[in-house]
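Student: give the three-dimensional model of this entry:
(one chain, ligands or ions: 1)
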Amino acid sequence: MKIFLDTANLDEIRKAIGYGFIDGVTTNPSLVKKEGISYERRIKEICEIVEGPISAECITEGTDDLIQESRVISKWARNVVVKIPMTWSGLKATKVLSVDGIKVNMTLCFSVTQALFAAKAGAFFISPFIGRIDDMGENGLKVLSDIVQTYKNYSFKTQVLTASVRHVGHVIDACTIGADIVTLPFSVYEKLISHPLTDKGLEIFRNDSLKIPKK
Ligand code: G3P
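Tutor: Presented below is the predicted three-dimensional model:
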């Protein structure tokens, strides 16, 4: 299970690197907007400090424009993965780009059939937005689980990148379902190893250690 950070904030990325467990980063226009810096500059900065794949989103529409934009973005750094939306134009662009060896993360996926087409188009990652599915009153984890099963059924190579993660419970379920990757807001990342019983147990052991005779 790979753990990505879903952020465009360098401080958060540096902190996660400091913890020693970060396999990649995903961004989107809304996350980069918060940073007040150009998309290209921020992606290049992230690519310099993180080894793994960094997803950068296309903002154009139409197959030809998406292909052209993706070719430009893919040259920003060796570890860039181009994010392309789940539309017919996006699928057609993904089909062309994947044959050319450009890695595509198909984003804004909300259903099994969308994920099926992404895999058939040769996407490197598929990003089901489980939190946003939950927001609609539907079951994001059921969609995630069905995508993982579908890919297994047909031995698709596309990796399932669990996105729109809102809480630790989503991460636990993504692990048990067998998704390849979760991408997390930093607030969720930090909570992954917190547990009140760990804190309490540590305090008790530390206090007791002070009461052990030195000799
Ligand atoms: O990067 C895409 C995705 O993770 C967005 O999450 O919380 O805006 O639904 P959210």
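
Student: okay, and the beta partners of the residue nearest to the spatial centre of the chain?
Tutor: By CA atoms, centre = their mean, the chain has its centre lying nearest to Thr183, at 3.2 Å. According to DSSP bridges, the residues that bridge with Thr183 are Phe4.

Student: Arg132: helix or strand, and which one exactly?
Tutor: For Arg132, the element it lies in under DSSP states H and E is helix 130-135.

Student: sorry, that was for Val160
Tutor: Going by DSSP H and E, Val160 is in strand 159-162.

Student: list the helices and strands that strand packs on?
Tutor: Packing partners of strand 159-162 (3 or more CB pairs under 8 Å, 6 or more residues apart in numbering; DSSP states H and E): strand 125-128, helix 140-153, strand 181-184. Any C-beta I mention is one placed from the backbone N, CA and C, and that applies to glycine too.

Student: flag every residue of this protein that's near the ligand.
Tutor: When proximity is defined as CB under 6 Å from any ligand atom, the chain approaches the ligand at Asp6, Thr26, Asn28, Phe129, Gly131, Arg132, Ala163, Ser164, Thr183.

Student: dump those into TSV; add distance to Ile59 and pLDDT as well.
Tutor: Shown next, in TSV, are the residues of the chain next to the ligand (distance: CB to CB, whole Å; pLDDT from 0 to 100):
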residue	distance to Ile59	pLDDT
Asp6	18	98
Thr26	15	98
Asn28	10	96
Phe129	18	98
Gly131	22	98
Arg132	19	98
Ala163	18	98
Ser164	19	98
Thr183	19	98
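
Student: hmm, back to that, what's the closest of the helices and strands packed on strand 159-162 to Phe117?
Tutor: Comparison of those against Phe117 by CB to CB identifies strand 125-128 as nearest, at 9.5 Å.

Student: name the residues that touch that closest one?
Tutor: 26, 53, 55, 81, 83, 103-110, 115, 118-119, 140, 143-144, 147, 158-164, 181, 183 (CB atoms under 8 Å, 6 or more residues apart in numbering).

Student: who does it pair up with?
Tutor: On the basis of DSSP bridges, the sheet neighbours of strand 125-128 come out as strand 104-109 (parallel), strand 159-162 (parallel).

Student: out of these, nearest to Thr63?
Tutor: strand 104-109 (12.7 Å).

Student: contacts for the closest one next, please.
Tutor: 26, 28, 55, 57, 70, 81-86, 90-91, 93-94, 97-98, 114-115, 118, 121-129, 147, 161, 163.

Student: send over the next helix-or-strand element following it as PDB, restricted to the C-alpha atoms.
Tutor: Counting by DSSP H and E, the element after strand 104-109 in chain order, helix or strand, is helix 112-120. Extracted in PDB, the C-alpha atoms of helix 112-120 (Å, rounded to 0.1, in the frame of the first residue of the first chain):
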ATOM      1  CA  VAL A 112     -16.900   1.200 -11.700                       C
ATOM      2  CA  THR A 113     -17.700   1.700 -15.400                       C
ATOM      3  CA  GLN A 114     -15.600   4.900 -15.500                       C
ATOM      4  CA  ALA A 115     -12.700   2.900 -13.900                       C
ATOM      5  CA  LEU A 116     -13.200   0.100 -16.400                       C
ATOM      6  CA  PHE A 117     -12.800   2.500 -19.300                       C
ATOM      7  CA  ALA A 118      -9.700   4.200 -17.700                       C
ATOM      8  CA  ALA A 119      -8.000   0.800 -17.500                       C
ATOM      9  CA  LYS A 120      -8.900   0.000 -21.100                       C
END
